[in-house]
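K.L.:
show me how the following folds:
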Amino acid sequence: MPLITQFEPIQVTLQTDQVRDIPCGTKGGVMINFEKIELLTGFIRTVYETLLNYGVQYDNTWIYDKIHHEINQQVYIDMFDQAKLDSFLCHMWEQLVCAKSSY
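P.N.:
So this is what the prediction gives:
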């Protein structure tokens, strides 16, 4: 008979995650800070598969760390038009979702 040694509650419905205080350097050397980016997230894979591969802190790998990385890789000073920035983030997120759902 299997023993349960640990319990972690996991939200499996859609949720809004907030990534806060994202520093970003421009190519001109100016440091800027994004106060908050909000994402509507949910499971692409099965809950079991995600937890098996990434553990209960899966959101650090696939949401928080990824957003920090992408912002620092892609954002340039001419993207401070809110519509351009929103469009960029939506496109980046769609690419990530498509890439991960093909596993």
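K.L.:
could you pull out the helices for the chain?
P.N.:
Remark: helices assigned in the chain by DSSP state H are 47-54, 58-59, 65-74, 82-101.
K.L.:
deepest of those helices, which one?
P.N.:
Most buried of those, by mean neighbour count (mean count of other Cβ atoms under 10 Å): helix 58-59, with a mean of 18. Placement of C-beta: from N, CA and C, glycine included.
K.L.:
residue contacts, the residue nearest to Pro23 when sequence neighbours are not counted?
P.N.:
Distances taken as Cβ to Cβ, 6 or more residues apart in numbering put Asn33 closest to Pro23, at 5.4 Å, once the chain neighbours are dropped. Residues counted as contacts of Asn33 (Cβ atoms under 8 Å, 6 or more residues apart in numbering) are Asp21, Ile22, Pro23, Cys24.
K.L.:
do you know how far Asn33 is from Ala83?
P.N.:
Counting by Cβ to Cβ, to the nearest Å, the gap from Asn33 to Ala83 is 20 Å.
K.L.:
again, but for Thr26
P.N.:
Taking Cβ to Cβ, one finds Thr26 at 19 Å from Ala83.
K.L.:
can you check His69 too?
P.N.:
Where Ala83 is concerned, His69 sits at a distance of 23 Å (Cβ to Cβ).
K.L.:
pipe the helices of the chain into JSON lines and attach distance to Gln15 and mean pLDDT per row.
P.N.:
Shown next, in JSON lines, are the helices of the chain (distance: least, Cβ to Cβ, whole Å; pLDDT from 0 to 100):
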{"stretch": "helix 47-54", "distance to Gln15": "13", "mean pLDDT": "82"}
{"stretch": "helix 58-59", "distance to Gln15": "9", "mean pLDDT": "82"}
{"stretch": "helix 65-74", "distance to Gln15": "15", "mean pLDDT": "77"}
{"stretch": "helix 82-101", "distance to Gln15": "14", "mean pLDDT": "72"}
